[in-house]
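In: Structure for the following, please:
(2 chains)
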Amino acid sequence: MKPILGILGATGVGKSAVAVQIALTLGCPYVISADSMQIYKGMDVGTAKVTADEMQGIEHHLIDVVNPDQPFSAFDFAQQAGKIIADNPSNVNVIVGGTGLYFDSLLHGLDFSSNDQTAKIRQDMQNLLAESGADAVLDVLKGLDEDVYDQIDKNNVKRVIRAIEILSTGGKISGKTSQRKDLYPHVLFVLHRTREQTYQKINERVDKMVQNGLLQEVAALYSKYKDDQLQSFKAIGYKEVIDHLNGKITFEEAVEQIKVNTRHYAKRQSTYFKRMQNTIWVDVEGKSIQEVVTEVLQLYNQFCSNLAN
RNA sequence: GGCGCCAUAGCCAAGUGGUAAGGCACAGCUCUGCAAAAGCUCUACUCCCCAGUUCAAAUCUGGGUGGCGCCU
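Out: Okay, the predicted model is just below:
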């Protein structure tokens, strides 16, 4: 198979447009999205989801796959994306997105096992946490798997609970990064610009979301699902507006918070991408989409011919 | 002009005689199962300025400067 062509980058660099253009150039009928929030139906303006116009006839997989109140994890992503790739052995698979973990779980695999029926366990653990504290929850994990217990970040209760869910439903926690294997040949192009430029783009992007009706979108979704604990409602742009809807902050404060949180997110993305393997960083500042596409494709072809030798 | 209050990091802010809390921002980082999540680390040789009291002052005293409120 042809190596997977990944397009990553911090929010707002312009990944989507580049990916569509690459697919068009390569004659690939689709693109796979690797974005943990664009998988939710109805969350459009706040996630800057690609519009039908912007898709230019290129099909986008793994966008709008579940409702905001339904679970979806990196595991689901890896399975579904893997199937698409397996079904299309002759295409160049272009994967675009900012969720590093999704790339990792697809490219390096996760132990396959069911992750159904974990809701009750999660609830039990949350009750235990509320009643007896974090140590009690850690003890549960220790009883399940001593190795995982030793390695896990004990301050990160959310991950501890997730590990318990997985282990107690027969799943396994996979090993360390250093033990990863590549499931597919791939190159990942990380689109980037300087910090200042990124921050400026973020501010513009958030202002645009507000103009495009972010408040209305969130208000509609929140009144429909009413649960601010949903994973989907933890997304940047949603949690802040929900705080505003609940009277905790003014709308102006919410917008400011969205900008701050988006900056933090962009930083975390960069940190994550820095340690990924098989990456090529492409500076996009001042370049047109076409120029970026040309550069990426040139590098991709180079990579492919190096592989062949 | 008189009276009162205030001045601590980029911002908010605690400390009222014993050697500068905390929060936010900024910066750095962790992460193979909710990842736009969650977690971790870092940030004032110094408290508006000057002088004094004291073994010891952000803390007390005097003066200066700046801000705020009230009164005439």
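In: Please make it C-alpha for all contacts and neighbour counts, starting now.
Out: Will do.
In: Strands of chain A, start to end?
Out: In chain A, the strands defined using DSSP state E lie at A:4-9, A:30-33, A:59-61, A:94-96, A:186-192, A:279-283.
In: can you put the ones you listed in JSON lines and add distance to A:Ala219 and mean pLDDT?
Out: Listed next are these as JSON lines, based on distance: least, C-alpha to C-alpha, whole Å; pLDDT from 0 to 100:
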{"stretch": "strand A:4-9", "distance to A:Ala219": "29", "mean pLDDT": "96"}
{"stretch": "strand A:30-33", "distance to A:Ala219": "26", "mean pLDDT": "96"}
{"stretch": "strand A:59-61", "distance to A:Ala219": "27", "mean pLDDT": "97"}
{"stretch": "strand A:94-96", "distance to A:Ala219": "29", "mean pLDDT": "97"}
{"stretch": "strand A:186-192", "distance to A:Ala219": "33", "mean pLDDT": "96"}
{"stretch": "strand A:279-283", "distance to A:Ala219": "37", "mean pLDDT": "96"}
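In: Return the set of buried residues in the worst-scoring helix or strand of chain A on mean pLDDT.
Out: Every helix and strand in chain A was compared by mean pLDDT, DSSP states H and E; the lowest is helix A:119-132, with a mean of 81. Within helix A:119-132, the residues that count as buried by 16 or more other C-alpha atoms under 10 Å are A:Ile121, A:Arg122, A:Met125, A:Gln126, A:Leu128, A:Leu129.
In: Also stretch A:217-230?
Out: For stretch A:217-230, burial by neighbour count (16+ other C-alpha under 10 Å) applies to A:Glu217, A:Val218, A:Ala219, A:Leu221, A:Tyr222.
In: again with stretch A:285-292
Out: A:Ile289, A:Val292.
In: and the residue of the stretch 201-309 of chain A found nearest RNA strand B, how many residues sit next to it?
Out: With C-alpha to the nearest atom of the strand as the measure, A:Ala235 is the residue of the stretch 201-309 of chain A nearest to RNA strand B, at 2.9 Å. Neighbourhood size, A:Ala235 [other C-alpha atoms under 10 Å]: 18.
In: What is the burial count for the residue nearest to it when sequence neighbours are not counted?
Out: Residue nearest to A:Ala235 in three dimensions, not counting chain neighbours: A:Met37, with 7.0 Å by C-alpha to C-alpha, 6 or more residues apart in numbering. Using other C-alpha under 10 Å, A:Met37 is surrounded by 25 other residues.
In: which residues touch A:Met37?
Out: A:Met43, A:Thr47, A:Ser232, A:Ala235 (C-alpha atoms under 8 Å, 6 or more residues apart in numbering).
In: Out of those, give me the two with the largest separation.
Out: Longest distance between any two of those is 10.6 Å, between A:Thr47 and A:Ser232; criterion C-alpha to C-alpha.
In: What segments of chain A are helices?
Out: Under the criterion DSSP state H, chain A contains helices at A:15-26, A:52-55, A:74-87, A:100-108, A:119-132, A:134-144, A:146-151, A:157-168, A:195-211, A:214-225, A:239-245, A:251-274, A:289-308.
In: what would those helices look like in a markdown table with distance to A:Ser33?
Out: Shown next, in a markdown table, are those (distance: least, C-alpha to C-alpha, whole Å):
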| stretch | distance to A:Ser33 |
| --- | --- |
| helix A:15-26 | 9 |
| helix A:52-55 | 12 |
| helix A:74-87 | 9 |
| helix A:100-108 | 10 |
| helix A:119-132 | 27 |
| helix A:134-144 | 34 |
| helix A:146-151 | 31 |
| helix A:157-168 | 24 |
| helix A:195-211 | 20 |
| helix A:214-225 | 22 |
| helix A:239-245 | 23 |
| helix A:251-274 | 16 |
| helix A:289-308 | 17 |
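In: Go through these and name the closest to A:His186.
Out: helix A:100-108 (7.9 Å).
In: From the centroid of chain A, which residue is nearest?
Out: Nearest to the geometric centre of chain A sits A:Thr99, at 2.6 Å (C-alpha atoms, centre = their mean).
In: looking at it, that one is touching A:Asp35, isn't it?
Out: Yes: here A:Thr99 reaches A:Asp35: they are 5.3 Å apart, a contact under C-alpha atoms under 8 Å.
In: right, is stretch A:26-39 up against RNA strand B?
Out: Yes: contact of stretch A:26-39 with RNA strand B (C-alpha under 7 Å from any atom of the strand) involves A:Asp35, A:Ser36, A:Met37, A:Gln38.
In: Pipe those into JSON lines and attach pLDDT per row.
Out: Shown next, in JSON lines, are these (pLDDT from 0 to 100):
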{"residue": "A:Asp35", "pLDDT": "96"}
{"residue": "A:Ser36", "pLDDT": "96"}
{"residue": "A:Met37", "pLDDT": "96"}
{"residue": "A:Gln38", "pLDDT": "97"}
